[in-house]
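1. quick one, structure for this:
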Amino acid sequence: MGYGRARLGAQRAPDLGDPVPGHPNNPAPTLDGGQRRHLRGLAHRLKPIVFIGEGGISPAVLKALDEALTSHELVKIRLRQPQNKKEAARELADATSAGLCGVVGHTVVLYRPHPEEPKIELPQRG
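-> Next up is the predicted model:
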């Protein structure tokens, strides 16, 4: 088998560039691959701010995550042991109107620009 070929039976990763349904007045950002890569690079040096334990995703966790996204824009979340990490990441992104930058191991990276004063400048799409 050569490089660049997918193995038979291998599952494809979900397309993370799809728009995330959010609140109508503040929709989640639609990120292309280059923008997600840029944000993951910025998140590399960050420590997780929100930790989700065995209790799962609760209203208190969502409130803390919403506050963290408002103040920091780019947030790392550490998941303890969810059944499906990608599903949990999508649920967190949907609930907070944030863009999902990536899931690596038990860590999720979410991005939501500040409505009035964005701090992070994204590279141009294309």
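2. and the longest helix seen in the chain, what does it pack against?
-> The longest helix of the chain (DSSP state H) is helix 59-72. With contacts taken as 3 or more Cβ pairs under 8 Å, 6 or more residues apart in numbering; DSSP states H and E, helix 59-72 sits against strand 50-52, strand 74-79, helix 85-96, strand 107-111. Where C-beta positions appear, they are placed from N, C-alpha and C, glycine not excepted.
3. pick the most deeply packed of those.
-> Of all the helices and strands packed on helix 59-72, strand 107-111 has the most neighbours on average by mean count of other Cβ atoms under 10 Å, namely a mean of 25.
4. tell me the mean pLDDT over that one?
-> The average pLDDT within strand 107-111 is 95.
5. tilt between it and strand 74-79?
-> 150 degrees (axes from the mean of the first three to the mean of the last three Cα atoms, to 10 degrees).
6. so what strands line up beside strand 107-111?
-> strand 74-79 (antiparallel), strand 99-104 (antiparallel) (DSSP bridges).
7. looking at those strands, which is closest to Ala68?
-> strand 74-79 (4.8 Å; Cβ to Cβ).
8. so how far is that closest one from its chain's centroid?
-> Relative to the centre of its chain, strand 74-79 is centred 8 Å away, using Cα atoms, centre = their mean, to the nearest Å.
9. go on, stretch 42-58?
-> So, by Cα atoms, centre = their mean, the centroid of stretch 42-58 is 11 Å from its chain's centroid.
10. kindly report the same for stretch 109-116.
-> On Cα atoms, centre = their mean, the centre of stretch 109-116 falls 10 Å from that of its chain.
11. distance between the ends of that stretch?
-> Length of stretch 109-116, first residue to last, Cα to Cα, to the nearest Å: 22 Å.
12. what sits against Lys76?
-> Lys76 makes contact with Ala43, Leu46, Lys47, Pro48, Ile49, Val50, Thr107, Val108, Val109 under the criterion Cβ atoms under 8 Å, 6 or more residues apart in numbering.
13. which ones are touching the fifth one?
-> In this structure, Ile49 makes contact with Ala68, His72, Val75, Lys76, Ile77, judged by Cβ under 8 Å, 6+ apart.
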